[in-house]
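Asker: what follows is a predicted structure for the sequence shown.
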Amino acid sequence: MKEKTKKETEVETTSKCSDSQCPVHGELAARGRIFEGRVVRKHPRRIAIEFERTIFIKKYERYAKKKTRIHARMPDCMKNVEVGDYVRVRECHPLSKMIHFVLIEIVRKKSQTKVGEMEDE
């Protein structure tokens, strides 16, 4: 019996789509850096995610928090993303002036509680 590869397993678990710019079902090659962040804005074909990073300020010898916003293409098979969801995006070739990333996975929905957080009784 032939073992299924990771990509074949992903194709079975997600819904089929006819989007040519889908990293799972289409011909889009997603390669490069991977980022995780919270969806702050949703458009018909793209989402904007935001995440925090720390940078070192040499003059003051301190660290500061900065927010980074990335625009990512949303394939047809992942239209169930909502504002507030925690998602994973991956770098791809430039799809437009602003979009250089593609949505590959929904890590956690907004309605789900965070790990280690207790629900109110």
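Answerer: Ah, there it is.
Asker: give the buried residues for stretch 34-43.
Answerer: 35, 37-39, 42 (16 or more other CB atoms under 10 Å). For the C-beta atoms, the positions are set from N, CA and C on the backbone; glycine is no exception.
Asker: likewise stretch 93-113?
Answerer: 95, 99-105.
Asker: now residue 78: phi and psi?
Answerer: The phi/psi pair for residue 78 (degrees, to the nearest 10) reads phi -120, psi 40.
Asker: please name the nearest non-neighbouring residue to it.
Answerer: Of all residues not flanking residue 78 in the chain, residue 103 sits nearest, at 5.5 Å (CB to CB, 6 or more residues apart in numbering).
Asker: out of the buried residues of stretch 93-113, which is nearest to residue 28?
Answerer: residue 102 (6.1 Å; CB to CB).
Asker: on contacts alone, who are the packing partners of the helix or strand hosting that closest one?
Answerer: Here residue 102, judged by DSSP states H and E, is contained in strand 101-108. For strand 101-108, the packing partners by 3 or more CB pairs under 8 Å, 6 or more residues apart in numbering; DSSP states H and E come out as strand 34-42, strand 62-73, strand 86-91.
Asker: starting from it, tell me which strands it pairs with and how they run.
Answerer: The partner list of strand 101-108 in its sheet, established with DSSP bridges, is strand 62-73 (parallel), strand 86-91 (antiparallel).
Asker: hmm, who's touching that strand?
Answerer: The contact list for strand 101-108 (CB atoms under 8 Å, 6 or more residues apart in numbering) reads 21, 23-24, 28, 30, 34-36, 47, 70-75, 78, 80-81, 85-92, 95, 114.
Asker: got the contact list for residue 34?
Answerer: Going by CB under 8 Å, 6+ apart, residue 34 touches 88-91, 104.
Asker: widest-spaced pair of those?
Answerer: The distance between the two most remote of the contacts of residue 34 (CB to CB) is 11.6 Å, for 88 and 91.
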